[in-house]
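Undergrad: Take this sequence and fold it.
(2 chains)
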Amino acid sequence: GAVVSQHPSWVICKSGTSVKIECRSLDFQATTMFWYRQFPKQSLMLMATSNEGSKATYEQGVEKDKFLINHASLTLSTLTVTSAHPEDSSFYICSAWLAGGSNTGELFFGEGSRLTVL
Amino acid sequence: RKEVEQDPGPFNVPEGATVAFNCTYSNSASQSFFWYRQDCRKEPKLLMSVYSSGNEDGRFTAQLNRASQYISLLIRDSKLSDSATYLCVVNPQGAQKLVFGQGTRLTINP
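TA: Okay, the predicted model is just below:
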């Protein structure tokens, strides 16, 4: 099946630093990727939709200047958490949609990146 | 009202039991429905899509009720390995963008 790879799997950083997370579709091209965040015991919350070659679309309440998204190629999207603070500590998951026929498809997820900001 | 609502549980049931979850969605124009499974500290993985006519995959049965705007998941002969969080997922806009429910935590006890 289709594979989406995400790394790093986990990262611990000091407050004020920036962290970049990469999401790659390994065996298919993804013009659109999605970035989710999940706090403990809560659901996945869509942060933004990453569009290849254009600006990302951010969900309401998500700061675009804090969570920088770059989708420079059909197989790579990156999320940079700038000036991270402890409240940014969370599980960040990317996903990519593999289209099937007749408006069907499946969303494949990366393994997730657990960010801890000290 | 949340777009997708689930009872978070937790549900604790003995091995071999049958267990069912429901999930309600608010957007009547929603087109696609899924159940995902998420293990602790892992990414969600697709369990099954939910079709209008209902569908079955082994011990798992999914049903869709458009009139009442809910979907259900039934697990028969539950196994210890079924312990996980089950996420109800709805596609409200016809393509790609998915909305996740909070998830229902299930623990199967030996």
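Undergrad: what's the longest strand seen in chain A in contact with?
TA: Assignment by DSSP state E gives strand A:90-99 as the longest strand of chain A. For strand A:90-99, contacts defined as Cβ atoms under 8 Å, 6 or more residues apart in numbering or on different chains pick out A:2, A:4, A:6, A:21, A:23, A:25, A:28, A:30, A:32-39, A:44, A:77, A:79, A:81, A:105-110, A:112-115, B:41, B:43-44, B:96. No exception for glycine: its C-beta is placed from N, CA and C like everyone else's.
Undergrad: Residue ranges in chain A under the pLDDT threshold?
TA: Residue ranges of chain A with pLDDT under 70: A:1-2, A:100-105.
Undergrad: What ranges does the chain have for its strands?
TA: Let's take chain A. A:4-7, A:10-13, A:19-25, A:32-38, A:45-51, A:57-58, A:67-73, A:76-81, A:90-99, A:105-109, A:113-117.
Undergrad: Switch to chain B, please.
TA: Counting by DSSP E, the strands of chain B are B:4-6, B:11-14, B:19-25, B:32-38, B:45-50, B:55-57, B:60-65, B:70-75, B:84-91, B:99-100, B:104-109.
Undergrad: Make TSV from the strands of chain A and add distance to B:N22 and mean neighbour count to it.
TA: As requested, those are exported to TSV (distance: least, Cβ to Cβ, whole Å; neighbours: other Cβ atoms under 10 Å in any protein chain shown):
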stretch	distance to B:N22	mean neighbour count
strand A:4-7	30	18
strand A:10-13	34	14
strand A:19-25	32	21
strand A:32-38	22	24
strand A:45-51	22	20
strand A:57-58	31	16
strand A:67-73	34	17
strand A:76-81	34	22
strand A:90-99	25	23
strand A:105-109	22	19
strand A:113-117	31	19
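Undergrad: ok so, going back, most tightly surrounded among the strands of chain B?
TA: By mean neighbour count, with neighbours taken as mean count of other Cβ atoms under 10 Å in any protein chain shown, strand B:84-91 ranks first of these at a mean of 24.
Undergrad: Return the alpha-carbon coordinates of that one using PDB.
TA: What follows is strand B:84-91, C-alpha atoms only, in PDB (Å, rounded to 0.1, in the frame of the first residue of the first chain):
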ATOM      1  CA  ALA B  84      -7.400   0.700  20.400                       C
ATOM      2  CA  THR B  85      -9.100   4.000  19.900                       C
ATOM      3  CA  TYR B  86     -11.600   4.000  17.000                       C
ATOM      4  CA  LEU B  87     -12.000   7.200  15.100                       C
ATOM      5  CA  CYS B  88     -15.100   8.100  13.200                       C
ATOM      6  CA  VAL B  89     -14.100  10.100  10.200                       C
ATOM      7  CA  VAL B  90     -16.400  12.100   7.900                       C
ATOM      8  CA  ASN B  91     -15.700  13.800   4.600                       C
END
